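Undergrad: give me a model of this one.
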Amino acid sequence: MNPDPQTFVVHAGQVLVMPDDAPRLSKYDADALDERDVDLLGLIEDGCVYVKGGVIKFIGPWDKRPDAARKKDLPVMQTGVLTPGWVECHTHSVFAGHRADEFMLRNAGRPYVEILEAGGGILNTAKRLRETSQDELAQLLMQRTLDFVKRGVTTLEVKSGYGLTTKHEVKSLRAVADVNKDAPCELVGTFLGAHAIPAEYKDRREAYVDLVCNEMIPKVAAEKLAQYCDVFCDRGAFTVDEARRVLEAGKAHGLIPRIHADELSNAGAAMLAAEVGCASADHLEFTPDDAIAAMAKANVVAVLMPAVNLFLGTTDHLARARDILNAGCEVALSTDFNPGSAMTQDIAMMTTLACTLYKMTPGEALRAVTIGAAKALRRDDIGRLRVGARANLALFDVPSYKVIPYHFGSNHVEAVIYDGEFVYWTESEA
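TA: Just a heads-up that it's a prediction; the model follows:
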């Protein structure tokens, strides 16, 4: 009998290591994509990952595994494809209620931005959140976190942004911290007080930006409730000058800058991301070439969220993933899980949409939910498989990595290992 539940071997048909440096795709040639994806993923056929005491001790071919990984009393898990634990790098998972009525209005022809500018959208969710206790928010967030874990996620970014007062922004991030104590994955908080101008500040924009910079950010930083500071810079939200103030204030208090950029218009947000040194610029549906080039030069990760286009019916104006990749940007994918523009937690579906809508390769898509997403968080300890690292692993019951985006709508995850512990498994793995 194995005395240490954190010591085991995984025998996988394919192991995806995720190298730090991604080989560029010089030409989108169907005959060359397979070989390039193998390099992009660090693919090992008939692979082995040996974990001892929760730490990865060996990654390589099955027939090259060390003697310690051949002991008869060691548990051996068989799986089709093994990847690093997935990283969900952009969610608005702290909210209460729903906005199904707005979903109906949009489908009847009313654009999302008109609903937002008329006082709906984010402001509707803000009203509901202010009426919800911290404990209730934490309970809702725990349920959503467990759903993400079942989909292979071992790191979950969660934004505030539906409080829009110091009290309720702090309440939201405290709920994230509460859940992180007991959740079977890591939660990382992002401060997004600059998500929308609340109704009570409609005619006093500068006063609200002052509140965000001079009261909210110092309070969040003092309590260590967030690692990142985000801002929604776009039509109907915050201007470039306002966003710059917020991000610089966050940086002054030790928060890493990130930005919602150019989702609804060419607002100059992606260029601002490069100038400020943001870890990521997210959305990018209307970002021009010069801003994409500036992002690549500044190592700003492009976080793309195709579920938003699908949900809002805006697939006629997509982020230009191929151009972004060709410019040399690392790309991440996310659900953008939120009650208004992307009510989904199906992160595997994002890999499908990346392939079908963006024409990304399966390797590019899987890289984007692992190491690409980790880079969007400026983390070098997650999203890849490395000897000496704590074991964050996702096991998939598929014969090839290509099947994950190909066979959409089904959850192919059969087990999830977080920090060396099995935190989710299907009956076949029990």
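Undergrad: and for stretch 192-204, what's in contact with it?
TA: For stretch 192-204, the surrounding residues in contact (C-beta atoms under 8 Å, 6 or more residues apart in numbering) are 92, 116, 119, 121-123, 126, 159-165, 169, 205, 207-209, 211-212, 216-217, 220, 230-232, 237-238, 242-243, 246. Heads up, the C-betas are built off the backbone N, CA and C, glycines and all.
Undergrad: buried stuff in it?
TA: For stretch 192-204, burial by neighbour count (16 or more other C-beta atoms under 10 Å) applies to 192-198, 201.
Undergrad: want to try TSV for those, with pLDDT, distance to Ala267 and secondary structure as columns?
TA: Shown next, in TSV, are the buried residues of stretch 192-204 (pLDDT from 0 to 100; distance: C-beta to C-beta, whole Å; DSSP: H, G, I helix; E, B strand; the rest coil):
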residue	pLDDT	distance to Ala267	secondary structure
Leu192	98	16	strand
Gly193	98	19	strand
Ala194	98	13	strand
His195	96	15	coil
Ala196	93	14	coil
Ile197	93	15	coil
Pro198	92	20	coil
Tyr201	94	20	helix
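Undergrad: still on that earlier bit, buried ones among the contacts of stretch 192-204?
TA: Using 16+ other C-beta under 10 Å, the buried ones in the contacts of stretch 192-204 are 92, 116, 121-123, 126, 159-165, 169, 208-209, 211-212, 216-217, 220, 230-232, 237-238, 242-243, 246.
Undergrad: that older thread, so which of the buried residues of stretch 192-204 would you say is closest to Pro84?
TA: For those, the minimum distance to Pro84 (C-beta to C-beta) is 26.3 Å, reached by Leu192.
Undergrad: what about the nearest residue to that closest one once chain neighbours are set aside, distance to Val301?
TA: Spatial nearest neighbour of Leu192, chain neighbours left out: Gly161 (3.3 Å); criterion: C-beta to C-beta, 6 or more residues apart in numbering. From Gly161 across to Val301, the span is 20 Å (C-beta to C-beta, to the nearest Å).
Undergrad: can you pull out the low-pLDDT segments for the chain?
TA: 1-3, 26-27, 112, 116-119, 428-430 (pLDDT under 70).
Undergrad: so what are the domain limits for it?
TA: The chain breaks down by automatic domain parsing into domains covering 8-84+384-429, 87-376.
Undergrad: list the contacts of the strand or helix carrying Val231.
TA: Using DSSP states H and E, Val231 falls within strand 228-233. The contact list for strand 228-233 (C-beta under 8 Å, 6+ apart) reads 157, 159, 161, 188-192, 194-196, 217, 238-240, 242-243, 246-247, 249-251, 253, 255-261, 267-269, 272, 279, 377.
Undergrad: which of these fall in strands?
TA: Using DSSP state E, the subset of these located in strands is 157, 159, 188-192, 194, 256-261.
Undergrad: show me what contacts the nearest residue to Val240 once chain neighbours are set aside?
TA: Among residues not flanking Val240 along the chain, Gly268 sits closest, at 4.6 Å (C-beta to C-beta, 6+ apart). When contacts are counted by C-beta under 8 Å, 6+ apart, Gly268 touches 233, 240, 262, 291.
Undergrad: weed out the non-buried ones from those.
TA: Using 16+ other C-beta under 10 Å as the threshold, 233, 262, 291 are the buried ones among the contacts of Gly268.
Undergrad: what distance do you get for the first one to Lys127?
TA: So that's Cys233. Per C-beta to C-beta, Cys233 is found 23 Å from Lys127.
Undergrad: ok, now which ones touch the residue nearest the centre of the chain?
TA: Geometric centre of the chain, nearest residue: Cys89, 2.0 Å, by C-alpha atoms, centre = their mean. With contacts defined as C-beta under 8 Å, 6+ apart, the neighbours of Cys89 are 155, 157, 280, 303, 332, 334, 373-374, 376-377.
Undergrad: could you rerun that using 10 Å?
TA: For Cys89, the contacting residues are 155-157, 188, 190, 228, 258, 279-280, 282, 301, 303, 332-336, 368-369, 372-377, 379, 383, by C-beta atoms under 10 Å, 6 or more residues apart in numbering.
Undergrad: can you check His260 too?
TA: 90, 159, 161, 192, 194-195, 230-234, 237-238, 243, 267, 269, 273, 280-284, 303, 305, 336.
Undergrad: for beta bridges, what are the partners of it?
TA: Phe232, Asp282 (DSSP bridges).
Undergrad: separation between it and Cys278?
TA: In terms of C-beta to C-beta, His260 sits 11 Å off from Cys278.
Undergrad: what's the overlap in contacts for the two?
TA: Counting by C-beta under 10 Å, 6+ apart, the shared contacts of His260 and Cys278 are 230-231, 269.
Undergrad: let's have these in TSV, adding distance to Ile417.
TA: Output for these, formatted as TSV (distance: C-beta to C-beta, whole Å):
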residue	distance to Ile417
Asp230	29
Val231	35
Ala269	37
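Undergrad: which one of these is nearest to Pro111?
TA: For the shared contacts of His260 and Cys278, the closest approach to Pro111 (C-beta to C-beta) belongs to Ala269, at 19.2 Å.
Undergrad: I'd say the closest one and Cys278 touch.
TA: Yes. Using C-beta atoms under 10 Å, Ala269 is in contact with Cys278, at 9.4 Å.
Undergrad: find the residues that touch each one of the two.
TA: Between them, Ala269 and Cys278 share these contacting residues under C-beta under 10 Å, 6+ apart: 231, 259, 261.
Undergrad: ok, the nearest residue in space to the last one that is not next to it in sequence to Asp234 distance?
TA: This points to Ala261. Leaving aside its sequence neighbours, Ala261 sits nearest to Ala269 (C-beta to C-beta, 6+ apart; 3.5 Å). Ala269 is 6 Å from Asp234, where distance means C-beta to C-beta.
Undergrad: can you check Gly163 too?
TA: The gap separating Gly163 from Asp234 is 20 Å, by C-beta to C-beta.
Undergrad: can you check Val49 too?
TA: 42 Å.
Undergrad: and the residue nearest to Leu333 when sequence neighbours are not counted, what is it in contact with?
TA: Once its chain neighbours are removed from consideration, Leu333 has its nearest residue in Ala368; the separation is 4.1 Å (C-beta to C-beta, 6+ apart). Contact partners of Ala368, counting by C-beta under 10 Å, 6+ apart, are 87, 89, 301-304, 321, 325, 330-334, 350-351, 354, 358, 360, 375-376.
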